[in-house]
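[1] curious how this folds, go ahead:
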Amino acid sequence: MPSQLDVTAICNLALDYLDEAPLTSIDDTGAVGRWFQRNFWPMAWSLMRKHPWNFALARASLAASAVPPLFGWPNAYDLPSDCLRVLPLTTDGTENGRPVPFKVEGAQILTRQEAPLKLRYIRRIDNPGLFDGQFCDALAAALAQKAAHFITGKQSYSQAVGQIFASLINDAQSIDALEGTPDDPIDDFWLDARRA
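    Below you'll find the model as predicted:
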């Protein structure tokens, strides 16, 4: 479920882990505020990219690029502008369809699959109010771990918050994976051929 938290609230959760005073705004011009301004979004997008969070999943149907690859693959498709990570391709676009070989090079997907290419991907979310609540907790702990030595001058805070982060991210990913019905088994044309 969406957290409805803003950037300042998530940064203040991180500061709570470090027993530090909260920011009044992410636009705070002090050293701590500037640190969060530099680090919040790169860390949020990095954490998003590491797991197929339900709140960040997207689908697209891509037309072939006007310029095919020079060699090796017959088709190229331009990545969506908000794409953080391409999920495994399948012939029908479903999670458990027949796998399709592909490579990501630069801002394109190279494959033998004909257009349109049905794509599932992790998209970049730029509104923290859309983040899952447990993702926010894990992000706050990750920020606290990275900021710990800079803010407190104590390495022990980084280690302690690192353990909290490991627990939070494990729980968040487990719960995120349980939202929805179980997937159908992967299409297996070998099994289908034996049954025929």
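
[2] what strands line up against whatever helix or strand residue 121 lives in, and which way round?
    Counting by DSSP states H and E, the element that carries residue 121 is strand 117-123. Using DSSP bridges, strand 117-123 pairs in its sheet with strand 57-62 (antiparallel), strand 83-86 (antiparallel).

[3] what sits up against that strand?
    48-49, 52-53, 56-62, 64, 75, 77, 79-80, 82-87, 89-90, 92-93, 95, 109, 111 (CB atoms under 8 Å, 6 or more residues apart in numbering). Every residue, glycine included, has its C-beta placed from N, CA and C.

[4] which of those residues count as buried?
    Among these, those classed as buried by 16 or more other CB atoms under 10 Å are 48, 52-53, 56, 58, 60, 62, 64, 75, 77, 79-80, 83-86, 89-90, 93, 109, 111.

[5] run a quick neighbour tally on residue 73.
    Residues within reach of residue 73, counting by other CB atoms under 10 Å, total 18.

[6] hmm, I was thinking of residue 22
    Counted with other CB under 10 Å, residues neighbouring residue 22 total 14.

[7] list phi and psi for it.
    Backbone geometry at residue 22, expressed as degrees, to the nearest 10, gives phi -70, psi 160.

[8] try residue 162
    The phi/psi pair for residue 162 (degrees, to the nearest 10) reads phi -60, psi -40.

[9] got the CA positions of stretch 54-74 in CSV?
    C-alpha atoms of stretch 54-74 as CSV (Å, rounded to 0.1, in the frame of the first residue of the first chain):
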residue,chain,number,x,y,z
ASN,A,54,5.1,-4.5,-6.7
PHE,A,55,4.7,-0.7,-6.5
ALA,A,56,7.4,-0.2,-9.1
LEU,A,57,6.4,-2.8,-11.7
ALA,A,58,5.3,-1.7,-15.1
ARG,A,59,4.4,-3.2,-18.5
ALA,A,60,5.0,-1.9,-22.0
SER,A,61,4.5,-3.0,-25.5
LEU,A,62,7.5,-1.8,-27.5
ALA,A,63,7.8,-1.1,-31.2
ALA,A,64,11.0,-2.1,-32.9
SER,A,65,13.7,0.5,-33.1
ALA,A,66,14.0,2.2,-36.6
VAL,A,67,17.7,1.3,-36.4
PRO,A,68,18.4,-2.4,-36.0
PRO,A,69,21.6,-3.6,-34.3
LEU,A,70,24.7,-3.7,-36.6
PHE,A,71,25.3,-7.4,-35.9
GLY,A,72,24.4,-10.3,-33.6
TRP,A,73,20.7,-9.7,-33.0
PRO,A,74,18.0,-8.9,-35.6
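
[10] with that, I have no additional questions.
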